[in-house]
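Sequence plus predicted model, see below.
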Amino acid sequence: MTKLSIPDMNCGHCKASVEAALAPLAAHITVDLPARQVSIDGAPDIQAILSALGNIGFPAQVLAK
């Protein structure tokens, strides 16, 4: 499981945007809005994930792989 921190994600609209951006890149994601984190099952392409999030204005940091 990969865990990302997305500090700028702070509302339901942000969560929906993150989910929509990651849906084509990962089969199963869990967005924890209060913690501002995303967990991704499997072995996703981390660079593609980070790029997709950056493209929608949500820079992220990898917490765990």
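Arrived safely. Numbers count the residues shown, from 1 in each chain.

Leaving out the residues flanking it, which one is nearest to the residue positioned nearest the centre of the chain?
In the chain, the centroid-proximal residue (C-alpha atoms, centre = their mean) is residue 38; its distance is 4.7 Å. Spatial nearest neighbour of residue 38, chain neighbours left out: residue 4 (4.7 Å); criterion: C-beta to C-beta, 6 or more residues apart in numbering. C-beta: built from backbone N, CA, C; applies to glycine.

Let's verify that neighbour: helix, strand, or coil?
Here residue 4 is strand, with the state taken from DSSP: H, G, I helix; E, B strand; the rest coil.

Pretty sure it sits against residue 61.
Yes: Residue 4 lies in contact with residue 61 (C-beta atoms under 8 Å); the separation is 6.7 Å.

The two - which one has more neighbours?
Taking residue 4 and residue 61 together and counting by other C-beta atoms under 10 Å, residue 4 has the greater number of neighbours (25 against 11).

where does that one land on pLDDT?
The score at residue 4 is 96. That number is its pLDDT.

Show me what the helix or strand encompassing the residue nearest to the centre of the chain is packed up against.
Element membership of residue 38 [criterion: DSSP states H and E] is strand 37-40. In terms of contacts (3 or more C-beta pairs under 8 Å, 6 or more residues apart in numbering; DSSP states H and E), strand 37-40 is packed against strand 2-5, helix 12-22, strand 29-32.
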